[in-house]
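> When you get a sec, could you give me coordinates for this:
(2 chains)
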Amino acid sequence: MPRLTVWMIRFALAYLLVGFTIGAALLILKGLAGSPAPMPGWVLSLWRWLPAHIEFLLIVGPCSWLWGWPTGFCRVSAGSPGAGM
Amino acid sequence: MPTLTRWYVRFSLVYFVAALLAGLLLAAAAHPGIRLVLRGLSPVYFHLFLVGWVTQLIFGVVYWMFPKHSAEKPRGDERIAWMVFWTLNIGLFLRILGEPLQAQSPSSISGGILVASAVLQWLAGVAFVLNTWGRVKER
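Prediction:
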């Protein structure tokens, strides 16, 4: 696996982790919606992270994955201009 | 194809059909002549597609096709891999169950189901990344 592919897939995995973490926090907030105790403002402000959840899991993570993956199939021959990249 | 990948693909196909059905229900509810109360189904529809279908298919193919972790454990820790499969699926199922209930009338039971769903899916994500990380390497 080329080094660039390794780094792109590692970043995709990191985005997956962050996206899942935000998603879990937001789902817990939904679960606490019916509780009688009022929620502090900072807890409710977690909803600001919803666009990041969508962005990380739908756009940035998959793009990193999809750009990295085909790179692994591109064999650069020793004499070609891209060799050594 | 490894047994675990077969199960991932089978479950992903089931979720794909379930997502299409949820989409049909949402489209029907938007029609002025049809009266359906479908609170909470929209996020369920998205997650059936994106977690149940797409993510599950990716997890299954990654487990199958990524480079070997080592000669002794070519696909990483098998127990963790199966744990990822079950926590992801049980977590998603709890969401399908709990989200419409919580949207309809919030209660401690439906809220607890959602919290359990969140924890299980998060554990699946973390365990998948940990078990896969070692297989992403140059050699």
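> OK, contacts around the residue nearest the centre of chain A?
By Cα atoms, centre = their mean, chain A has its centre lying nearest to A:Tyr15, at 2.1 Å. Applying Cβ atoms under 8 Å, 6 or more residues apart in numbering or on different chains, we find A:Tyr15 in contact with A:Phe56, A:Leu57, A:Val60, A:Gly61, A:Ser64. (Glycine included, C-beta is placed from N, CA and C.)
> mind redoing it with 6 Å?
By Cβ atoms under 6 Å, 6 or more residues apart in numbering or on different chains, the contact set of A:Tyr15 is A:Phe56, A:Val60, A:Gly61.
> List the buried residues of the biggest helix by length in chain A.
Under DSSP state H, the helix in chain A containing the largest number of residues is helix A:3-31. Buried residues in helix A:3-31, counted by 16 or more other Cβ atoms under 10 Å in any protein chain shown: A:5-6, A:8-13, A:15-31.
> Could you give the average pLDDT over the following helix or strand past that helix?
Remark: after helix A:3-31, the chain's next helix or strand is helix A:41-44, criterion DSSP states H and E. Mean pLDDT, helix A:41-44: 82.
> Also stretch A:65-76?
The model assigns stretch A:65-76 a mean pLDDT of 63.
> Now do the contacts for the residue in chain B that chain A sits nearest to.
Residue of chain B nearest chain A, by Cβ to the nearest Cβ: B:Pro106 (2.7 Å). Residues near B:Pro106 by Cβ under 6 Å, 6+ apart: A:Ala33, A:Gly34.
> repeat for B:Ile96
Contacts of B:Ile96 (Cβ under 6 Å, 6+ apart): B:Val44.
> near chain A, which residues of chain B?
B:Pro106, B:Ser107, B:Gly111, B:Leu114, B:Val115, B:Ala118, B:Trp122, B:Gly125, B:Val129, B:Val136, B:Glu138 (Cβ under 6 Å from any Cβ of the partner chain).
> Just give me the neighbour total for the second one.
Neighbour count of B:Ser107, defined by other Cβ atoms under 10 Å in any protein chain shown: 13.
> Not counting sequence-adjacent ones, nearest residue to it?
Distances taken as Cβ to Cβ, 6 or more residues apart in numbering or on different chains place A:Gly34 nearest to B:Ser107, at 5.6 Å, with adjacent residues excluded.
> ok, now which ones touch the residue of chain A found nearest chain B?
With Cβ to the nearest Cβ, the shortest gap between chain A and chain B falls at A:Gly34, namely 2.7 Å. For A:Gly34, the contact set (Cβ under 6 Å, 6+ apart) comprises B:Pro106, B:Ser107, B:Gly111.
> secondary structure element for the last one?
Same thing as B:Gly111. Going by DSSP H and E, B:Gly111 is part of helix B:108-133.
> In that helix, which residues are buried?
B:110-111, B:113-129, B:131-133.
> Pull up the gap between the residue of chain A closest to chain B and B:Ser110, please.
7 Å (Cβ to Cβ, to the nearest Å).
> A:Gly23 too?
Applying Cβ to Cβ to A:Gly23 and B:Ser110 gives a distance of 18 Å.
> How about B:Thr55?
24 Å.
> Mind pulling the model confidence for the residue of chain B closest to chain A?
At B:Pro106, pLDDT is 90.
> Can you tell me the SS state at it?
coil (DSSP: H, G, I helix; E, B strand; the rest coil).
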